[in-house]
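Participant: for reference, the sequence and a predicted model appear below.
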Amino acid sequence: DGGITQSPKYLFRKEGQNVTLSCEQNLNHDAMYWYRQDPGQGLRLIYYSQIVNDFQKGDIAEGYSVSREKKESFPLTVTSAQKNPTAFYLCASSGRDRFGTQYFGPGTRLLVL
Amino acid sequence: GQNIDQPTEMTATEGAIVQINCTYQTSGFNGLFWYQQHAGEAPTFLSYNVLDGLEEKGRFSSFLSRSKGYSYLLLKELQMKDSASYLCAAHILTGGGNKLTFGTGTQLKVEL
């Protein structure tokens, strides 16, 4: 089946630790996105990538890093510089339909121990 | 800056009609998306408006007025499963590509 997968579903981070969230898609989409969602809040854009080997900072990029070495994969690293990492992280991708519709993965919930 | 406003919560009765409003002030605006998100799950695409007017899709319709910076999502024949958060998102064109700016979401509760 075509879709977007994120792993793990739940992730625990210790103080001072970097953690990496996985996002993979087999939809042959060019663009991929990372969002953060806090309770009762909308989605805020962290990073996005329109093509392989290129990415742009979103609205809240500080404390995060990404790479886009393959079209199918867009991992997000939450670094120790991110002081409030507890949130629901959503990955999305979009293809070349008329509207650039973004389709979302199931999300990863990150908790700090 | 980019600003998207929608009500925080709404309550409606099963079988009724509800309208969720969204106003926006953005630069680079290309169109308006609506997504549905059940608790703890990913958002799912409902509709996209790029031109002024009403787009109908089954029980769901969405309206856009570009001159007024206004959109609404209309849900008819409400069902209990429609209880969810509804996210309004402006589609923005930038030098770096396409991106979406989301509102905070409207939590809809459908009651018997």
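Facilitator: Sure, I can see it.
Participant: output the lowest mean pLDDT helix or strand found in chain B.
Facilitator: Every helix and strand of chain B was ranked by mean pLDDT, DSSP states H and E. The lowest is strand B:97-102, at a mean of 88.
Participant: how much space is there between the nearest residue to B:S62 once chain neighbours are set aside and B:F63?
Facilitator: Nearest residue to B:S62, sequence neighbours excluded (CB to CB, 6 or more residues apart in numbering or on different chains): B:S47, at 4.1 Å. To be clear about C-beta, it is placed using only N, CA and C from the backbone, and glycine gets the same treatment. Distance, B:S47 to B:F63, by CB to CB, to the nearest Å: 10 Å.
Participant: and what of A:L43?
Facilitator: 22 Å.
Participant: need the residues touching each of B:S47 and B:F63.
Facilitator: Residues touching both B:S47 and B:F63 by CB atoms under 8 Å, 6 or more residues apart in numbering or on different chains: B:E55.
Participant: picking up where we left off before, when A:L43 and B:F63 are compared, which one has more neighbours?
Facilitator: A:L43 (27 against 20; other CB atoms under 10 Å in any protein chain shown).
Participant: got a list of what that one touches?
Facilitator: A:Y35, A:R36, A:Q37, A:L90, B:P43, B:L87, B:A89, B:L100, B:F102.
Participant: ditto for B:S61
Facilitator: Here B:S61 is in contact with B:S47, B:L54, B:E55, B:L73, B:L74, B:K76 (criterion: CB under 8 Å, 6+ apart).
Participant: by neighbours, which of those wins?
Facilitator: In terms of neighbours by other CB under 10 Å, the contacts of B:S61 top out with B:L73 at 26 neighbours.
Participant: report the strands that pair with the least confident helix or strand of chain B, each with its relative direction.
Facilitator: Sheet pairing of strand B:97-102 (DSSP bridges) gives strand B:84-94 (antiparallel).
Participant: and the strand it pairs with, how far from the chain's centre?
Facilitator: Offset of strand B:84-94 from its chain centre (CA atoms, centre = their mean, to the nearest Å): 7 Å.
Participant: give the buried residues for it.
Facilitator: Buried residues in strand B:84-94, counted by 16 or more other CB atoms under 10 Å in any protein chain shown: B:A84, B:S85, B:Y86, B:L87, B:C88, B:A89, B:A90, B:H91, B:I92.
Participant: how much space between the first one and B:Y70?
Facilitator: Here the distance between B:A84 and B:Y70 works out to 22 Å (CB to CB).
Participant: centroid-wise, who is the farthest residue in the chain?
Facilitator: All of this refers to chain A. Within chain A, A:R98 marks the point farthest from the mean C-alpha position, 23.3 Å out by CA atoms, centre = their mean.
Participant: meant chain B, my bad for not saying
Facilitator: Outermost residue of chain B (CA atoms, centre = their mean): B:G95, 25.3 Å.
Participant: what's the closest non-adjacent residue to residue 30?
Facilitator: No chain specified, so I'll use chain A. A:I51 (5.9 Å).
Participant: that answer is for a different chain, and I need it for chain B
Facilitator: Nearest non-adjacent residue to B:N30 (CB to CB, 6+ apart): B:H91, at 4.5 Å.
Participant: next: B:M80.
Facilitator: B:V110 (5.4 Å).
Participant: likewise for B:S67?
Facilitator: B:D52 (7.5 Å).
Participant: swap in A:S80?
Facilitator: Spatially, and ignoring its direct neighbours in sequence, A:S80 is nearest to A:G16 (4.8 Å; CB to CB, 6+ apart).
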